[in-house]
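In: structure for the following, please:
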Amino acid sequence: MGSNFVGANSFLPYSSLSPLASPLPGGAIPVGIGSVCCPDISSGTIPLPAQALERTVGPGELKRGYIESWNLVVERKLPANFLVSVGYVGTQTVHQFADLDINASLPGTGNLGQPLNCKTADFTTQTCLVPAFGRTSQTLLFQGWLSANYHALQVSINRQFSHGLMIKGAYTYSRAIDLTDDDGWASLNWNDPSVLGRNRAPAGFNTPQIFQLAYVYELPLGKGKQWASGGGVATKVLSGWQISGIFSAISGQPFSLTASGASLNAVDQTQTPDQVGPVKKLGGVGSGQPFYDPSAFAPVTRVGYGTVGRNTLYGPGSVNLDFSLFRTFNLTERLNLQFRADAANLSNSPHFKNPSGDITSANFLTITGAKDDERQFRLGFRFSF
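Out: Numbering: from 1, shown residues only. Next comes the predicted model:
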């Protein structure tokens, strides 16, 4: 490689440049890239920067997660072409992957209480690893620590299309329990070994009750039907119309309450409020109208965890109705045209989000938002050949 360069084009003046200096030990680039020094392993250990996050597999062999499922269903055919089924459905997740921070401190100990940072001389009420490594960042053990389960009563009713009517209905009463709502590199709210059980609670997606009913109904109008079957314009206009819809009623999902961790003073631990009174559901929506009574909870001022656990309160449920009106026009033996009028959320029912769970917020336990699924109409044609 030449060490002198001239102008790259006619628009740049010619110049003589000095040899390029290299920041590497080898010196100038023409000499070559120097060797990179290796870590000193003479002591048997390689210290990591105190602020570097570290993740490693937990002790022993890696426990691969797996899922177990079982169910028992009873079916019975009823008059009028109805089929009813009642069943129990269970699912269990074993060895769910999660991170356990072994450098999380206990209440009141702060950074000095981190096992990989503290020194016994500085903090005598916490067992410190010897020698102390001065680590102030998370040190995560990744392993199949956790488990989760789901149990449900499921009831369904079905009626195949007959005499112009089809019905499908389903009801589910269920409960899902886990220790974290995160997927993949899951983390825990509480890493303190003495309170790991606080993580076990209803899953964030737990929906205790779901009811849905779908139908398709051929209107009894037009040729061969109960009404407007005498011929003429009315028969042609009213024949072949069908309506369909889906009605759903779904209970709310849980959410957690949080509080300032100042009094807790524990690295990588979560603080929650204290429950100081009975929880009353007020059902309010909007500023100044709490969904739950905030006076049932109070900030924690002592050194220690709040009495409230994870996912203890449930947000508002929702009711929804989707509706469709459609007709198929047979143009020829092979060609047909379908007209559809669809309404999503026909009743324009508001579907509110969960209240704020932050006790330090002015909107604590107040609903301030709704989902963007207001009523919508859509008209369309479909040509088939």
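In: counting neighbours, what do you get for the residue nearest to Asp40 when sequence neighbours are not counted?
Out: Nearest-residue entry for Asp40: Ile46, 7.8 Å, with adjacent residues in sequence omitted and distances by C-beta to C-beta, 6 or more residues apart in numbering. C-beta: built from backbone N, CA, C; applies to glycine. By other C-beta atoms under 10 Å, 8 other residues sit near Ile46.
In: so which strand or helix has Ile46?
Out: Assigned by DSSP states H and E, Ile46 belongs to no helix or strand.
In: next up, the contacts around His151.
Out: Contacts for His151 (C-beta atoms under 8 Å, 6 or more residues apart in numbering) come out as Tyr88, Val89, Gly90, Ser174, Arg175.
In: over to Ala201?
Out: Ile177, Asp178, Leu179, Pro254, Gly309, Arg310, Asn311, Thr312.
In: let's have those in CSV, adding secondary structure and pLDDT.
Out: Shown next, in CSV, are the contacts of Ala201 (DSSP: H, G, I helix; E, B strand; the rest coil; pLDDT from 0 to 100):
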residue, secondary structure, pLDDT
Ile177, strand, 96
Asp178, strand, 94
Leu179, coil, 93
Pro254, strand, 97
Gly309, coil, 94
Arg310, coil, 95
Asn311, coil, 96
Thr312, coil, 96
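In: make CSV out of those and add distance to Asn71.
Out: Listed next are the contacts of Ala201 as CSV, based on distance: C-beta to C-beta, whole Å:
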residue, distance to Asn71
Ile177, 18
Asp178, 20
Leu179, 24
Pro254, 25
Gly309, 30
Arg310, 28
Asn311, 25
Thr312, 29
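In: at which residues are the helices of the chain located?
Out: With DSSP state H as the criterion, the chain has helices at 232-238.
In: show me what counts as buried in the least confident helix or strand in it by mean pLDDT.
Out: Sorting the helices and strands of the chain by mean pLDDT, DSSP states H and E puts helix 232-238 at the bottom, at a mean of 73. Buried residues in helix 232-238, counting neighbours by 16 or more other C-beta atoms under 10 Å, are found at Thr235, Leu238.
In: roughly how far is it from the heart of the chain?
Out: Computed by C-alpha atoms, centre = their mean, to the nearest Å, the separation of helix 232-238 from the middle of its chain amounts to 52 Å.
In: restricting to C-alpha, output that helix in PDB.
Out: C-alpha atoms of helix 232-238 as PDB (Å, rounded to 0.1, in the frame of the first residue of the first chain):
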ATOM      1  CA  GLY A 232     -93.500  -9.600  -8.400                       C
ATOM      2  CA  VAL A 233     -90.900  -7.000  -7.600                       C
ATOM      3  CA  ALA A 234     -91.100  -7.500  -3.800                       C
ATOM      4  CA  THR A 235     -90.200 -11.200  -4.200                       C
ATOM      5  CA  LYS A 236     -87.200 -10.400  -6.400                       C
ATOM      6  CA  VAL A 237     -85.900  -7.600  -4.100                       C
ATOM      7  CA  LEU A 238     -86.400  -9.400  -0.800                       C
END
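In: please consider this matter closed, and thank you.
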